[in-house]
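Peer 1: the following comprises the amino acid sequence and a computationally predicted model.
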Amino acid sequence: MVSHFPGEVAAHLESLRRYARALTRDHAAADDLVQEALLRAIERAGTYRSGGSLRAWLAGILHNCFISGRRRQAAEARRDETFAGLHETAGQEGDQEHAAQLALVADRFYGLPEPQRSVIHLVAVEGLSYQEAASALGVPIGTVMSRLSRARAALRAPAGAIPRLRMVRSERDD
């Protein structure tokens, strides 16, 4: 098929252009789509089955290129929206206090001992269950709960506060 490919494909160009215009509703975008589809067809010429409908095969490639492009555009739009939202929020009045609070929480988080920081990240940020976090860290679930409790308490404590120590009495102290 590869040796006859350009001639055979040329017979279907008008059909591909019409289909591309129907999908894109724009002549320039349709031409770009046809070009992308032809490039993909050339790259994947080995996947064409002899005796099959070349027109249907090319139309399928064109359709897949169109769908991929739409998905790519939607993803780019979501990223642009997210970025625009972050940019607008950053420029609002009074945002300095919020930024300062976030910086304080980040400082406290990074100031936690590594075992507590690991547990709180896995549970609170990554959304792992206690059991999943325990498995990931190779510790018992009780250790995860204990470390998480201490980490949360440290993050809630006022700046510069000294953690309270509890007196634990053993049976021998009686």
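Peer 2: Sure, I can see it.

Peer 1: ranges for the helices of this structure?
Peer 2: In the chain, the helices defined using DSSP state H lie at 5-10, 13-24, 27-43, 54-90, 95-111, 114-120, 130-137, 141-156.

Peer 1: okay, buried residues for the fifth one please.
Peer 2: By neighbour count with 16 or more other C-beta atoms under 10 Å, helix 95-111 contains the buried residues Phe109. Quick note: C-beta positions are derived from backbone N, CA and C, even for glycine.

Peer 1: how far is it from where the chain is centred?
Peer 2: 25 Å (C-alpha atoms, centre = their mean, to the nearest Å).

Peer 1: who are the packing partners of it?
Peer 2: On a contact count with 3 or more C-beta pairs under 8 Å, 6 or more residues apart in numbering; DSSP states H and E, helix 95-111 meets helix 114-120, helix 141-156.

Peer 1: contacting residues for Ser15?
Peer 2: Residues near Ser15 by C-beta atoms under 8 Å, 6 or more residues apart in numbering: Arg55, Ala59.

Peer 1: now with 7 Å, please.
Peer 2: By C-beta atoms under 7 Å, 6 or more residues apart in numbering, the residues touching Ser15 are Arg55.

Peer 1: look up how far Ala106 lies from it.
Peer 2: 58 Å (C-beta to C-beta, to the nearest Å).

Peer 1: for Ser53, same thing?
Peer 2: 59 Å.

Peer 1: could you do Thr24 as well?
Peer 2: Thr24 is 46 Å from Ala106, by C-beta to C-beta.

Peer 1: cool, and Arg117?
Peer 2: 11 Å.

Peer 1: give me the contact list for stretch 101-121.
Peer 2: Ala133, Leu137, Val144, Arg147, Leu148, Arg150, Ala151, Ala154, Leu155, Ala159.

Peer 1: confidence score at Asp26?
Peer 2: What the model reports for Asp26 is a pLDDT of 92.

Peer 1: next, it: phi, psi?
Peer 2: Backbone torsions of Asp26, given as degrees, to the nearest 10, read phi -150, psi 130.
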